[in-house]
Structures are given as C-alpha cells and as structure tokens.
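A.B. asks: sequence and computational prediction follow.
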Amino acid sequence: QVQLVESGGGLVQAGGSLRLSCAASGRTSRNYNMGWFRQAPGKEREFVAAISWNGGSTYSSDSVKGRFTISRDNTKNTVYLQMNSLKFEDAAVYYCAASGYFASTSYYSENRRYPYWGQGTQVTVSS
C-alpha cells in the first residue's frame, strides 16, 4: 500500500506559477512510477505529467509541455509539479497517482494503470 498526499494548490493569477507536491508513504514508495492528473468540473480526468521510479524518464501532455515540469526527490519520497505560465484552462483538481512496473511507456498517461491516488488539491486560476 502507498499513501499519497498532495499539497501546494491554491489561487493564482493567469501567467503565474505554483508548485504542487505529493508526499508518498508506505511500502517501498520510492520504487513507484508517479503521475499527475487533473479534473475540471464536468470533464474527465486527464493526464498531465508522469515520471519513472528513478526519475530517468518524464512524460507530459501536449497541453502543458514547456510550462509544467515534473520531478521527484526519492530521499524525501516526494514528487513535484512545477507549473508556470498558468492559464485559465489549467484550473482543476490535481491528483497525484502511483503505480508499480509499467510494461509500456504508454501506460504512464493512462489513469486506469494507477492503483494508488491522493485526495487531490485544487488549483484556481484568476484574471
């Protein structure tokens, strides 16, 4: 079992920045692949970014590429999502997720591949 707790969400002006954190605890949590997903009201949960267990590979959706950066510090069992140049359409509840081994790189962006989820943190973007 892995427990995930997100933090760092809040209200930010368009064009601003936020850094989300996801603290993991539990059995060998540092060996898990990690992902960030988001869900806006009335929309499906969508992939944002993911990182392999050792930080060697990262993936991000086209909508955030060049603006968001995912990273991890396994000494702290924490994954980060640095969000820059925030847009109105980035407003959503952001969820951290964890999974074990992926047989394909395509799995990183599929929320059904992640068995462990945090409770989410709200990001609101204002004008």
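C.D. replies: Cool, the structure landed.
A.B. asks: the helix or strand hosting A98: partners in the sheet, and parallel or antiparallel?
C.D. replies: According to DSSP states H and E, A98 maps onto strand 92-99. Under the criterion DSSP bridges, strand 92-99 sits next to strand 33-39 (antiparallel), strand 116-117 (antiparallel), strand 121-126 (antiparallel) in its sheet.
A.B. asks: most centrally placed residue in this structure?
C.D. replies: Closest to where the C-alpha atoms of the chain average out (CA atoms, centre = their mean) is W36, at 1.9 Å.
A.B. asks: what's across from that one in the sheet?
C.D. replies: Partner residues in beta bridges with W36, using DSSP bridges, are A49, C96.
A.B. asks: can you pull the contacts of it?
C.D. replies: With contact set as CB atoms under 8 Å, 6 or more residues apart in numbering, W36 has these partners: L20, C22, V48, A49, A50, I70, V79, L81, Y94, Y95, C96, A97. Every C-beta, even on glycine, is put in place using the N, C-alpha and C of the backbone.
A.B. asks: grab the nearest non-local neighbour of the last one.
C.D. replies: Once flanking residues are discounted, A97 sits nearest to Y114: 3.6 Å by CB to CB, 6 or more residues apart in numbering.
A.B. asks: so where's the chain shaky on pLDDT?
C.D. replies: Counting by pLDDT under 70, the ranges of the chain that qualify are 28-30.
A.B. asks: just to revisit the earlier point, next one: the residue nearest to A97 from G15, what distance?
C.D. replies: In this view, Y114 and G15 are 31 Å apart by CB to CB, to the nearest Å.
A.B. asks: between these two, who's got more neighbours?
C.D. replies: Neighbours per residue, other CB atoms under 10 Å: of Y114 and G15, the larger number sits with Y114, 23 against 11.
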